[in-house]
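Engineer: Could you work out the structure for the sequence below:
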Amino acid sequence: MKNELTLRAQKLIKAGGPVGALARLSEVADPKGVVFDIGVNFGTVARHLIRIFPNNQCYLFEPLPQQAAYVTERFSTFDNVNVVEEALSDKPGRATLNVGKSLGTSSLLSMNDASLEQHPEAEVDTSIDVQLNTVDLYCEAAGIDHISCMKIDAQGSELSIFRGASRMLSEQRVDMIMFEWFATPHYENCPLILDLWSELDRHHYSMFDIFPGRHFRNGQRRFGDAVFISDKFREERLPLL
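Structural biologist: Numbering: from 1, shown residues only. Predicted structure coming up:
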């Protein structure tokens with residue numbers, strides 16, 4: 001059974017890109033599942049997800065206090081939005097978040113010298129102590145057994161987040177995943193696209209589409225986005241499109 005697409009979803013499909021891919025898949029998504037936006041920052045993607053999935057509860061994860069407060073106010077009129085002031089990783093606890101001069105570059109990892117030379121805005125402005133959680137533990141505590149859509153933009157922590165979601169992934173309880181990938185290590189010990197692809201493949205997730213992003217000045221691809229779907233979603237719901 002197909003869902004009725006919102007006007008915003010129809011426009012996003014025509015515009016293309018990773019969010020457009022999610023909008024297309026939302027037509028056959030389970031309205032009973034929740035939506036996770038991990039690394040919400042200013043809510044640039046969240047504003048689309050909330051409207052693409054109007055009948056799903058949306059959880060916005062943001063460890064920076066000022067950003068969490070901002071998105072709480074920004075989406076205060078939406079009854080289906082829950083803001084969680086935590087960083088997600090492969091284990092719970094506390095960690096140091098390196099806050100960049102450009103907030104979008106903030107990461108649990110350190111920027112390497114080569115990337116910092118080309119992108120001085122990523123220089124660390126300050127460091128703060130943040131709460132860590134995992135997808136699996138959060139879902140267990142909140143009584144969540146199905147994630148229809150999970151978007152991750154965590155500046156190098158994507159692999160750790162996947163590992164912290166091993167139960168949900170292995171049981172095919174996450175339908176679609178949009179995540180940022182790096183082609184070169186922007187951060188120290190930063191996993192690259194092959195590392196992320198291999199981890200998802202291990203849990204029987206495969207690529208729906210890929211969206212290369214910017215280059216360095218020498219032509220080397222820097223990063224991009226990808227959308228993966230579970231084998232279960234591919235077999236049971238994708239044919240409905």
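Engineer: From now on I want contacts and neighbour counts done on CA atoms only, so please keep to that.
Structural biologist: Noted.
Engineer: Please spell out the segments of the protein that come in under the pLDDT threshold.
Structural biologist: Across the chain, the ranges flagged by pLDDT under 70 are 1, 101-103, 106, 108, 112, 115, 118-125.
Engineer: Okay, strands next: where are they in it?
Structural biologist: Secondary structure of the chain (DSSP state E): strands at 34-38, 58-61, 81-84, 87-88, 93-100, 124-133, 147-152, 174-182, 205-212, 223-230.
Engineer: So Arg221 sits against Trp181, correct?
Structural biologist: No: taking contacts as Cα atoms under 8 Å, Arg221 lies outside contact range of Trp181: 10.8 Å.
Engineer: Same drill for those two, tell me which one is more crowded.
Structural biologist: Trp181 (31 against 15; other Cα atoms under 10 Å).
Engineer: tell me the contacts of that one?
Structural biologist: Trp181 sits next to Gly156, Leu192, Ile193, Leu196, Phe223, Gly224, Asp225, Ala226 when contact means Cα atoms under 8 Å, 6 or more residues apart in numbering.
Engineer: where along the chain do the helices fall?
Structural biologist: 7-15, 17-25, 46-52, 65-74, 113-118, 135-142, 158-163, 166-170, 193-202, 231-236 (DSSP state H).
Engineer: okay, those in CSV with mean neighbour count and distance to Leu97 next?
Structural biologist: Formatted as CSV, the helices of the chain follow (neighbours: other Cα atoms under 10 Å; distance: least, Cα to Cα, whole Å):
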stretch, mean neighbour count, distance to Leu97
helix 7-15, 15, 33
helix 17-25, 23, 27
helix 46-52, 21, 22
helix 65-74, 16, 12
helix 113-118, 14, 17
helix 135-142, 16, 18
helix 158-163, 22, 15
helix 166-170, 19, 23
helix 193-202, 16, 21
helix 231-236, 15, 34
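Engineer: Asn80 is nearest to which of the ones you listed?
Structural biologist: helix 46-52 (7.9 Å; Cα to Cα).
Engineer: How much space separates the residue lying closest to Asn55 once chain neighbours are set aside from Val71?
Structural biologist: Among residues not flanking Asn55 along the chain, Pro31 sits closest, at 6.0 Å (Cα to Cα, 6 or more residues apart in numbering). As judged by Cα to Cα, to the nearest Å, Pro31 and Val71 stand 23 Å apart.
Engineer: One more: Asp79?
Structural biologist: 14 Å.
Engineer: With Leu60 instead?
Structural biologist: Taking Cα to Cα, one finds Leu60 at 8 Å from Val71.
Engineer: Find residues that contact each of the two.
Structural biologist: With Cα under 8 Å, 6+ apart as the test, Leu60 and Val71 both reach Val83.
Engineer: related to what we said a few turns ago, could you dump the helices of the chain into CSV with distance to His186 added?
Structural biologist: CSV is the format used below for these (distance: least, Cα to Cα, whole Å):
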stretch, distance to His186
helix 7-15, 28
helix 17-25, 21
helix 46-52, 24
helix 65-74, 23
helix 113-118, 6
helix 135-142, 24
helix 158-163, 13
helix 166-170, 25
helix 193-202, 12
helix 231-236, 31
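Engineer: nearest to Ile128, of these?
Structural biologist: Closest among the helices of the chain, using Cα to Cα: helix 65-74, at 9.9 Å.
Engineer: got a list of what the residue nearest the centre of the chain touches?
Structural biologist: With distances taken as Cα atoms, centre = their mean, Ile152 lies nearest the centre of the chain, 1.2 Å away. Counting by Cα under 8 Å, 6+ apart, Ile152 touches Asp37, Ile38, Gly39, Glu158, Ile177, Met178, Phe179, Glu180.
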